[in-house]
Each structure stands twice: as structure tokens, then as C-alpha cells.
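1. 3D model of this:
(one chain, ligands or ions: 1)
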Amino acid sequence: MTTIDVTGARTPEAADVITGARERIDSLDDRIIGLIQERMAVSAVIQEARITSGGRRVNLSREMEILGHYRDALGKPGTSLAMTLLELCRGRV
Ligand SMILES: C=C(O[C@@H]1C=C(C(=O)O)C=C[C@H]1O)C(=O)O
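-> Model prediction:
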């Protein structure tokens, strides 16, 4: 397969642009995944502290705040993204 085939571009110039931009996306995705893993670890500390103190794992009012934050920044798909993040951080409710 040529670079043109792999990228779907019709010219070598476009294939170069796409290849370079895909490298940036791969690097951004690695950073995003790292940040999500960091968020999961911080969230676990909070949940652990609350449960050890006799409280519940989940705090709905805080989750509403987070959903609103993502929705305000990213629109409706932001809400879905936040719900997925919350599930990664505290499991399914
Ligand atoms: C981390 C917390 O605990 C839970 C997990 C949350 C999260 O990952 O953002 C938010 C609310 C809680 O359901 C918290 O209360 O802040």
C-alpha cells in the first residue's frame, strides 16, 4: 500500500499533510488517555475518602456540575463524553 492509499488522499501533497496531522492526533490521543488515567486516580482518592468516612461512592450534585461543565464547553456530545468519563472513574451506577 502507498501513503496515498493509506490516507485516502488523491495527491502526494495531501497525503503528506494527512500523515503529519495523524501523527499529531496520535500524540494528542496518548496525552488525552494519560489525562483520563490521571483523572481516574484522583477520582478514586475522593471516592475512597468518602466511603471510608461512611459516605456513598457517588455524589449526584457534583456529577450534575461536571455534566454541565462539559455540555457548556462542547455541546450535547460533551454530556455523553462526561457520562463516559464518569463511568470510567466510578463504574456503572
Ligand atoms: C470524584 C468524586 O466522586 C464521584 C466521582 C466523580 C468524578 O469522577 O468526577 C464525581 C462525583 C462522584 O460521583 C467527587 O465527589 O468529586
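2. and the host helix or strand of Gly20, average pLDDT?
-> Using DSSP states H and E, Gly20 sits within helix 12-52. Averaging pLDDT along helix 12-52 gives 98.
3. which positions in the protein make contact with the ligand?
-> Proximity of the chain to the ligand, by C-beta under 6 Å from any ligand atom, involves residues 43, 46-47, 58-59, 62-63, 66, 86, 89-90. The C-beta positions use only the backbone N, C-alpha and C, and glycine is treated the same way.
4. list of residues touching the helix or strand just after the helix holding Gly20?
-> Downstream of helix 12-52, the first helix or strand assigned by DSSP H and E is helix 60-74. Helix 60-74 has contacts (C-beta atoms under 8 Å, 6 or more residues apart in numbering) with 78-79, 81-83, 85-86.
5. in the residues you listed, find the pair that's most separated.
-> Spanning the widest gap among the contacts of helix 60-74 are Gly78 and Leu86, at 12.5 Å by C-beta to C-beta.
6. so between these two, which is more surrounded?
-> Set Gly78 next to Leu86 and count neighbours by other C-beta atoms under 10 Å: Leu86 wins out with 20 against 16.
7. what's the nearest residue to the more buried one if we skip its chain neighbours?
-> Nearest non-adjacent residue to Leu86, counting by C-beta to C-beta, 6 or more residues apart in numbering: Glu63, 5.9 Å away.
8. tell me, how many residues neighbour that neighbour?
-> Glu63 has 16 neighbouring residues, counting by other C-beta under 10 Å.
9. need the contact partners of stretch 30-47.
-> By C-beta under 8 Å, 6+ apart, the residues outside stretch 30-47 that reach it are 57, 85, 88-90.
10. perfect, that will be all.
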